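In: sequence first, predicted coordinates after that:
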Amino acid sequence: MITGAESALVVNNNAAAVLLALDTLARGKEAIISRSQLVEIGGSFRMPDVMARSGALLVEVGTTNKTYLTDYSNAITERTGLLLKVHQSNFKIVGFTETVGLKDLVSLGKERNIPVVYDLGSGALIDPERFGLPHEPTVQESIKAGVDIVTFSTDKLLGGPQGGIIAGKKKWVDLLKKNPLTRALRVGKLTIAALEATLRLYLDEELAVKKNPVLAMMFAPLEIIEERCKKLISKITPEAKALMNISTVEGLSEMGGGSLPGEGIPTKRISLLPERINADELATRLRGNTPPIFARIEQDRVLLDMRTVYDNEVDTIAVALENICSS
């Protein structure tokens, strides 16, 4: 209902989803992928290593910066098991570039009767572009393009527990479900419960944007963030303000988690330039607070990104700063 896919399967992370798809559809066969998409994901796991472990035979096509549809079509043989596309979710190639769109790759797959698998990675169900942020491919767009299998994380941009979803054509998802690896990669009941609660929010996108912590932070308007800054500063005593040299500055929030590479989201930050201690010591004391408060250090200033702070946490930060000043 949410993605538009015919069928879906949940495993313990997106790397497992990719591994399962490759093992099922391309073990002992060739998997064709653009050279520019042989990415390294978290924990130093590299796509070529995952492909090798699955038993698929890696066939690289194109170059680092340019890959054409003819590169794929010319590489297809009777041993080809699938065409693989990987979203460059944690880096960006700019300049003299060319890449093959998903729709074109799907058309080639249909023409040659070869399944197309798309590793989307971060798994956006709501396009950030709707809120004035850079476009990020969504799961729904992938399904609409006709891809046979799309894999994506259930945490990251989706904002749920760690896991991976395999969605797509029932014919192919059913094959994956029958693979013995599926049992080894399945998730537990607590993950299923947390994921169900997360996905139910997406039945009402407005509710998801308000209640899902990742989306709420990501799409928070600058006006709201600025109000948090003002609220925090108003709760600090004049003596503490003088010791901390507290002010509001502009900045950029980095999404991280393999999402929106090279794109920052405009934000407002609290800047602290302590008088009695250096920035490192202040940041250390903030981390040692209960609950811990994590900050960034730039040019000897401690910066708190108020995009990542809930309204009911402002008082906690104010008290922590007052305690540090009085100690």
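Out: Sure thing, it's come through. Numbers count the residues shown, from 1 in each chain.
In: other SSEs contacting the helix or strand that contains E141?
Out: Secondary structure assignment for E141, by DSSP states H and E: helix 139-144. If you count contacts as 3 or more C-beta pairs under 8 Å, 6 or more residues apart in numbering; DSSP states H and E, helix 139-144 packs onto strand 116-121, strand 149-153, strand 164-168. All C-beta spots, glycine's among them, are computed from the backbone N, C-alpha and C.
In: in TSV: those strands, plus mean pLDDT and mean neighbour count.
Out: Rendered in TSV, the data for these read as follows (pLDDT from 0 to 100; neighbours: other C-beta atoms under 10 Å):
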stretch	mean pLDDT	mean neighbour count
strand 116-121	96	27
strand 149-153	97	29
strand 164-168	98	27
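In: turn those into TSV, including distance to A75.
Out: Listed next are those as TSV, based on distance: least, C-beta to C-beta, whole Å:
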stretch	distance to A75
strand 116-121	14
strand 149-153	19
strand 164-168	23
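In: break this protein down into its structural domains.
Out: For the chain, the TED database gives the domain ranges 7-213, 220-326.
In: need the winner for burial among those.
Out: domain 7-213 (a mean of 18; mean count of other C-beta atoms under 10 Å).
In: how much space between the residue lying farthest from the centre of the chain and P48?
Out: Distance from the centre of the chain peaks at E239, with 41.6 Å (C-alpha atoms, centre = their mean). Here the distance between E239 and P48 works out to 59 Å (C-beta to C-beta, to the nearest Å).
In: again with K110
Out: Relative to P48, and taking C-beta to C-beta, K110 is found at 27 Å.
In: of all the helices and strands packed on helix 139-144, which lies closest to E250?
Out: Of all those, strand 116-121 sits nearest to E250, with 29.4 Å by C-beta to C-beta.
In: can you list the strands that that closest one pairs with?
Out: Using DSSP bridges, strand 116-121 pairs in its sheet with strand 80-86 (parallel), strand 149-153 (parallel).
In: what angle do that strand and strand 164-168 make?
Out: Strand 116-121 runs at 150 degrees relative to strand 164-168, counting by axes from the mean of the first three to the mean of the last three C-alpha atoms, to 10 degrees.
In: do you know how far the residue farthest from the centre of the chain is from E78?
Out: In terms of C-beta to C-beta, E239 sits 79 Å off from E78.
In: now S7
Out: 28 Å.
In: so how far is stretch 312-323 off the chain centroid?
Out: 30 Å (C-alpha atoms, centre = their mean, to the nearest Å).
In: CA atoms only: put it into CSV for me.
Out: Taking Å, rounded to 0.1, in the frame of the first residue of the first chain, the C-alpha atoms of stretch 312-323 are listed here in CSV:
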residue,chain,number,x,y,z
ASN,A,312,11.2,19.5,25.7
GLU,A,313,15.0,19.1,25.8
VAL,A,314,15.8,22.8,25.8
ASP,A,315,15.5,23.0,29.6
THR,A,316,17.9,20.1,30.0
ILE,A,317,20.6,21.8,27.9
ALA,A,318,20.1,25.1,29.8
VAL,A,319,20.5,23.4,33.2
ALA,A,320,23.7,21.6,32.0
LEU,A,321,25.2,24.8,30.8
GLU,A,322,24.4,26.6,34.1
ASN,A,323,25.9,23.7,36.1
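In: neighbouring contacts of it?
Out: With C-beta atoms under 8 Å, 6 or more residues apart in numbering as the test, stretch 312-323 has contacts from 228, 231-232, 235-237, 240, 244, 246, 272, 286, 289, 291, 293, 304, 309.
In: same check, this time on stretch 133-147
Out: Stretch 133-147 is contacted from outside by 2-5, 87, 102-103, 106, 110, 116-118, 120, 122-129, 150, 152, 157, 167-168, 218-219, 259-260, 263, 265, using C-beta under 8 Å, 6+ apart.
In: now it - C-alpha only, CSV.
Out: This file holds the C-alpha atoms of stretch 133-147, laid out as CSV (Å, rounded to 0.1, in the frame of the first residue of the first chain):
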residue,chain,number,x,y,z
LEU,A,133,15.6,19.9,0.2
PRO,A,134,17.6,18.2,-2.5
HIS,A,135,15.8,15.3,-4.3
GLU,A,136,16.4,11.8,-3.1
PRO,A,137,15.1,8.8,-5.1
THR,A,138,12.1,7.2,-3.3
VAL,A,139,11.0,3.6,-3.1
GLN,A,140,7.7,4.5,-4.8
GLU,A,141,9.6,6.0,-7.8
SER,A,142,11.6,2.8,-8.1
ILE,A,143,8.5,0.6,-8.1
LYS,A,144,6.7,2.9,-10.5
ALA,A,145,9.7,2.6,-12.9
GLY,A,146,9.1,-1.1,-13.1
VAL,A,147,12.1,-2.5,-11.2
